[in-house]
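# Here you go, sequence then predicted model.
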Number of protein chains: 2
Amino acid sequence: MKNQPANSRRDFLRSLGVGASVLSLPLSSYANDQYTRNEASGLYSLNTSQPGRKLGIALVGLGYYSKNLLAPALQQTQNCRLAGIVTGAPEKATEWMQKYNIPKANVYDYKTFDRIADNKDIDVVYVVLPNSMHEEYVVRAAQAGKHVICEKPMAITPKECQNMIDACKKANKQLAIGYRLHYEPFTKEVMRLGQEKVFGPVKFVESSDGFRSGDPNQWRLKKSMAGGGPLMDVGIYAIQGARYVTGEEPVSVTAQFAPKTDPQKFKDVEETMFWQFEFPSGAVSNSTTSYAAGVERLYASCEKGWFELAPAFGYGPLKGRTSKGPIEQPVVNHQAAHMDGVCKDLLDGKKLPDHITGEEGLRDVRLLQAIYQAAETGKKINLKA
Amino acid sequence: MKNQPANSRRDFLRSLGVGASVLSLPLSSYANDQYTRNEASGLYSLNTSQPGRKLGIALVGLGYYSKNLLAPALQQTQNCRLAGIVTGAPEKATEWMQKYNIPKANVYDYKTFDRIADNKDIDVVYVVLPNSMHEEYVVRAAQAGKHVICEKPMAITPKECQNMIDACKKANKQLAIGYRLHYEPFTKEVMRLGQEKVFGPVKFVESSDGFRSGDPNQWRLKKSMAGGGPLMDVGIYAIQGARYVTGEEPVSVTAQFAPKTDPQKFKDVEETMFWQFEFPSGAVSNSTTSYAAGVERLYASCEKGWFELAPAFGYGPLKGRTSKGPIEQPVVNHQAAHMDGVCKDLLDGKKLPDHITGEEGLRDVRLLQAIYQAAETGKKINLKA
């Protein structure tokens, strides 16, 4: 926790409603790492002789997630820092420049964005825009010669995902999706419990994520911008959960829309829906996502026991238990852990792990589309390649 | 707890793996009640001047549930006692007569059963046979002039249920179904939380019940005897859960069979299945039942919070929590509470509460059939009358 204002993490957790008792838990080891320069690649790795080298991140889109989660997290990161912003709102630019000491030269709007190519301060562009804009800004960031992090869902269609993957490959830059939970210790532990069959093979997963959506005018309720409703937004976590505790890819899916209780608010997208996956091992999952009801749990039933996270997908702290007792893990800032983890590999010149890349984002977007197709047709959709 | 061997409840709970810490919790008030003779009806009610009057129960079928749950519970009941048995196995008859001091005159086999009409010791016949035999033995018990308790599911078809209801009505005897949880304090508390909208209206219920089934030769895996698989056996609890926390009857259902991972064992019945209810208020539920995976939870998401039981449906002790903290309730012996509750109303000459009668059993059997129909056809089944 050194090199960081004493209260920043505390304040951040307080802002999430996290009590003081949690703060006494140890942070995961990433927070104390240092960097080493890799002489071959010219990039920096942890345990360095040149401590303090941090990748510069520019946030594209300064909505809730950037303002309340990413920017505060970037005050705690060891491998990256908030170096620039891209916004269409001049008043936001002024506010952020002052608050985070961002030089004017590192502030862009959507017209001037491509000039970011010439900015040596910016190593990574983090796209935090509505889903329908992900493709354009990831492609433009790659063409500007930057590594890219893109929020989930990666895009609305598989074709967009493929274009994004191709653009990054062509630019020889890496593309990470905002799968923060892959760097979160409780989540990593349930991945291990499931994939290493600690309680025997996983037989059934109940994985659901939903909340009561507020503002009826938000872009997340517009199909043209979001691509769908809660499934696109938080259902994707339930999909990820079923995939990462089984360690398998589903081979078929059935799905159902619930009736809309507020047809005006949800005229464009689903309000609540359900889906069921089958996996090659015979494991099955049943999931719910909703903008009308709060639910957040990942439960895995195995041959010789069970484990669960509840809450399982939110910004933390997560909480878990197994048929043998509670899951004990360090509590981390999810966003800081994610950006630090991605940037560590970028500094090391390493290929990002497959499960957080554009290829993984594409797999999820294919599943999102298959779930909608299953619900619309009432048919079981075969997912085998 | 007076008038009962000091260790019987303790031993019983130990046999269920319940630790000593639980035993310090208070029992619900039913255990200390006494009876009063109702001069008009001639039946006995609680707070009596004739303490000790207990209805005589005959158990029909001496399988696992009778042997391990009902008979031990009947050593603790205040309003009823184990008075007779009906079994096709002479060696079981001998064992039970000795163990529970049952006179030979109160022991019947399936041929002599109807003579129970002449036995003044027997007030209530409890049918604990395979599902396919419920109708015959409930009808015969009613014709013998006895009140009847029948294990869940009430029967395999609605027509059987109706015959059972009609037979009891014709005999002017009451019919209760083995819905023990309606007398269980944690369950009654979640009924209250949901039905009284303590956290606002219920929006979504996740209600699942399953376990890993053992013996491949048991009658529960034979469709002709069980009527189906885990849905008939434990899925019915998940149905009940969704109904009693909403306090509503579903208006439609969709359902899906999971693929069979052991097609030999489950050649006759489903191995795992899912279903989704819609309720008139717009509340929805999503459920799983399984003979391949352990799962046991009732979660209700409301407008202003949530509550859950986990475990929710087993023989106890149940455990619950809400968005405001843990649910604190006395731990009771489920089977004793159920039989005592039913027998109290019988002693009082009161009509049994609707939610534990044959009419309730019929509602569930209709839903069981609709769920199978929905899964078989892949169509949403309309349940409106």
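Received it, and whenever you're ready, just let me know what you need.
# going forward, measure contacts and count neighbours with C-alpha atoms only.
OK.
# Please enumerate the helices of chain A.
Using DSSP state H, the helices of chain A run over A:8-15, A:64, A:71-73, A:90-100, A:134-143, A:158-170, A:185-195, A:223-226, A:230, A:236-246, A:334-348, A:358-377.
# count of residues packed around the nearest residue to residue A:219 once chain neighbours are set aside?
Nearest non-adjacent residue to residue A:219, counting by C-alpha to C-alpha, 6 or more residues apart in numbering or on different chains: residue A:225, 6.1 Å away. If you count neighbours by other C-alpha atoms under 10 Å in any protein chain shown, residue A:225 ends up with 17.
# Same check on residue A:118?
10.
# For it, list the residues it contacts.
Listed by C-alpha atoms under 8 Å, 6 or more residues apart in numbering or on different chains, the contact set of residue A:118 reads residue A:144.
# let's go with 10 Å and repeat that
A:144-145 (C-alpha atoms under 10 Å, 6 or more residues apart in numbering or on different chains).
# same question, residue A:212
Contacts of residue A:212 (C-alpha under 10 Å, 6+ apart): A:230, A:271, A:290-295, B:203, B:302-304.
# Restricted to buried residues, select the residues you listed in PyMOL.
Selection of buried members from those for PyMOL, criterion 16 or more other C-alpha atoms under 10 Å in any protein chain shown:
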select buried, (chain A and resi 230+271+290+291+292+293+294+295) or (chain B and resi 203+302+303+304)
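# Pick the one among the contacts of residue A:212 closest to residue B:283.
Residue B:283 lies nearest to residue B:203 out of the contacts of residue A:212, by C-alpha to C-alpha, at 4.4 Å.
# How much space separates the closest one from chain A?
In this view, residue B:203 and chain A are 6 Å apart by C-alpha to the nearest C-alpha, to the nearest Å.
# correct me, but that residue touches residue A:259?
No. Using C-alpha atoms under 10 Å, residue B:203 is not in contact with residue A:259; the gap is 11.7 Å.
# Overlap of the contact sets of the two?
The overlap between the contact sets of residue B:203 and residue A:259 (C-alpha under 10 Å, 6+ apart) consists of B:279, B:282-284.
# just these that are near chain A?
Counting by C-alpha under 10 Å from any C-alpha of the partner chain, B:279, B:282-284 from the shared contacts of residue B:203 and residue A:259 sit close to chain A.
# between these, which is nearest chain A?
residue B:282 (5.7 Å; C-alpha to the nearest C-alpha).
# what residues are up against that closest one?
Residues counted as contacts of residue B:282 (C-alpha under 10 Å, 6+ apart) are A:258-262, B:201-204, B:250-251.
# Can you add pLDDT and distance to residue B:121 and give the residues you listed back as CSV?
Formatted as CSV, these follow (pLDDT from 0 to 100; distance: C-alpha to C-alpha, whole Å):
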residue, pLDDT, distance to residue B:121
A:258, 98, 53
A:259, 97, 54
A:260, 97, 57
A:261, 97, 55
A:262, 97, 59
B:201, 98, 48
B:202, 98, 46
B:203, 98, 49
B:204, 98, 47
B:250, 98, 42
B:251, 98, 44
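# Pull out the buried residues from those residues.
Among the contacts of residue B:282, those scoring as buried are A:258-260, B:201-204, B:250-251 (criterion: 16+ other C-alpha under 10 Å).
# pLDDT below threshold where in the stretch 1-150 of chain A?
A:1-51 (pLDDT under 70).
# was I right about residue A:201 contacting residue A:192?
No. The criterion here is C-alpha under 10 Å, and residue A:201 misses it with residue A:192 at 11.9 Å.
# Mutual contacts of these two, please.
residue A:246.
# ok so, going back, could the ones next to chain A among the shared contacts of residue B:203 and residue A:259 go into CSV alongside pLDDT?
Shown next, in CSV, are these (pLDDT from 0 to 100):
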residue, pLDDT
B:279, 98
B:282, 97
B:283, 98
B:284, 98
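# The residues you listed into TSV, with extra columns for distance to residue B:120?
TSV is the format used below for those (distance: C-alpha to C-alpha, whole Å):
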residue	distance to residue B:120
B:279	46
B:282	51
B:283	49
B:284	48
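# Can you flag which of the residues you listed belong to strands?
Judged by DSSP state E, the subset of those located in strands is residue B:284.
# Next, count neighbours for the closest residue to residue A:298 other than its chain neighbours.
Among residues not flanking residue A:298 along the chain, residue A:207 sits closest, at 4.4 Å (C-alpha to C-alpha, 6+ apart). Residues lying near residue A:207 (other C-alpha under 10 Å) number 29.
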